[in-house]
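S.K.: pasting the sequence and the predicted coordinates here, then a few questions.
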Amino acid sequence: MIKTDALIIGAGPTGLFTAHQLKLIGLDCEIVDNLDKIGGQCIELYPDKPIYDIPAVPECTGEELTNNLINQLKPFDIKFHLSERVDEVKKDSDKWIVKTNKGTLFTTPNVIIAGGVGSFEPRKFTVEGHEKFEDKSILYSIKDKNIFKGKTVSIFGGGDSALDWAVELSNNCNVNLIHRRDEFRGAQATVDKVHELTKSKKINLFTKFQLKKLNGSNKIESIDIEDDDKNIKNLKTDYVLGFFGLIMQLGPIANWGLNIDKKTVEVDTEKFETNQKGIYAVGDICNYPGKLKLILSGFHEGALAARACFKLARPNEKYRFEFTTSSKAIKNRLGVKSD
Amino acid sequence: MAKIIYIEHNGTNHTVDVQNGLTVMEGAVQNDIPGIDADCGGSMACATCHVYVKEDWFDKINKKNEGEDDMLDQAYEPKKNSRLSCQIIVSDDLDGLVVDMPEKQT
């Protein structure tokens, strides 16, 4: 069981800056995120898109913003738990017991939800019966590519994941690549490679087709794909891989007894606390009159929630407001010389 | 100003007046019409304001933006007449536009 002063759920810009604020005022924190990397939506959705409304930063991309926030956290030792999703938050006297899908347990007086619009999950197929084949014949990510050796694999999607795996698996599998249109959104070099492999019959390419039907009892034996004009083709296949990107789901947060309205969590504007004492929500996931879904608002919300955490983490101490320009204690924490 | 007709997957009709310059997505969100999530707030970074534009309208509205089809690849059950409603800008010419919503967005 990991003990910490505050647990942050979400490693997007708001979660990162909230961690900074907690560490500045002398509190410990750890961060859990369902993605395998730091940065949240900024990294997952728009790493290359420029942002123009970060105070004092005229222009930066999602990736640059994330890197700057990570740099700002360098003086501090913060433990990140990536590729883990918080599943349970339970009250235990004056603490919260938090459990992730990988079984990591935390005990903390403060839980700060900086979860954006929820956790990123792979978009799944929608055809009838897809559930019963999932994790067996239908996969949305690849952990061990060796299971496909010598088999027929049907890959759906038009982005980098779909194309990269089609190229990779064409070495020792029979690959069908199916996409709903002629253009691909993957890197041009990979698109060219796919076309080359299609010409040399290493990849069977089907564009303007989508999955229509899964055939098989215990495992998939074949699939029917359909084009825009309702022409159907039957393909024998052992595995079906779907790479349709990630979607955002509120997920388990919905089950923690919080007041939720339209996928957002209601908070007060003094502590950014939810209806549960010691659980806060900051950034895009919180909701209050006048809420703006801006990164700068997330920073403000995190700063105030961090101060509220102090009261529960250090009940016998009095919080004293200090500036980074003048406080010796803060400078010590940052590891910089004081005058 | 244009009257936009939003049809939920269950068939429920919503006809609302949407000001010129707003997007079809904003028209839905501002009028509390269910079925359009718009998680990313209109920055074309998700596919949760996905709609099907009635065939006779599809060619009359502005063409797809660069990158819109990339996002639609990630939508729930995209079809030939799929659009992101955040990329359809309302003008007088769109009076009577009918959009159907998918069963769900995520």
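M.R.: Thanks, I have it. Numbering: from 1, shown residues only, chains lettered A, B, ... in the order given.
S.K.: surely A:Ile295 touches A:Tyr52?
M.R.: No - between A:Ile295 and A:Tyr52 there is no contact under CB atoms under 8 Å: 11.1 Å. Quick note: C-beta positions are derived from backbone N, CA and C, even for glycine.
S.K.: helix, strand, or coil at whichever residue of the stretch 51-200 of chain A sits closest to chain B?
M.R.: Residue of the stretch 51-200 of chain A nearest chain B, by CB to the nearest CB: A:Arg185 (3.8 Å). Under DSSP: H, G, I helix; E, B strand; the rest coil, A:Arg185 falls in the coil class.
S.K.: now do stretch A:4-19, average pLDDT.
M.R.: The average of the pLDDT scores along stretch A:4-19 is 98.
S.K.: circling back: neighbour count: A:Ile295 and A:Tyr52, which is higher?
M.R.: A:Ile295 (22 against 8; other CB atoms under 10 Å in any protein chain shown).
S.K.: contacting residues for that one?
M.R.: Residues in contact with A:Ile295, defined by CB atoms under 8 Å, 6 or more residues apart in numbering or on different chains, are A:13-14, A:51, A:53-54, A:65.
S.K.: now the residues you listed: which count as buried?
M.R.: A:13-14, A:51, A:54, A:65 (16 or more other CB atoms under 10 Å in any protein chain shown).
S.K.: in JSON lines: these, plus secondary structure and distance to chain B.
M.R.: Formatted as JSON lines, the buried ones among the contacts of A:Ile295 follow (DSSP: H, G, I helix; E, B strand; the rest coil; distance: CB to the nearest CB, whole Å):
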{"residue": "A:Pro13", "secondary structure": "helix", "distance to chain B": "14"}
{"residue": "A:Thr14", "secondary structure": "helix", "distance to chain B": "15"}
{"residue": "A:Ile51", "secondary structure": "strand", "distance to chain B": "10"}
{"residue": "A:Ile54", "secondary structure": "strand", "distance to chain B": "15"}
{"residue": "A:Leu65", "secondary structure": "helix", "distance to chain B": "14"}
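S.K.: farthest-apart pair in the residues you listed, please.
M.R.: A:Thr14 and A:Ile51 (13.7 Å; CB to CB).
S.K.: neighbours around the residue of the stretch 51-200 of chain A closest to chain B, how many?
M.R.: 20.
S.K.: list the contacts for it?
M.R.: A:Arg185 neighbours (CB under 8 Å, 6+ apart): A:158-160, B:69-70, B:73.
S.K.: spatially, which two of those are the most separated?
M.R.: Spatial extent of those (CB to CB) is set by the pair A:Asp160 and B:Asp69 at 15.4 Å.
S.K.: neighbour count winner among those two?
M.R.: Legend: neighbour count by other CB under 10 Å for A:Asp160 and B:Asp69, higher for B:Asp69 (20 against 15).
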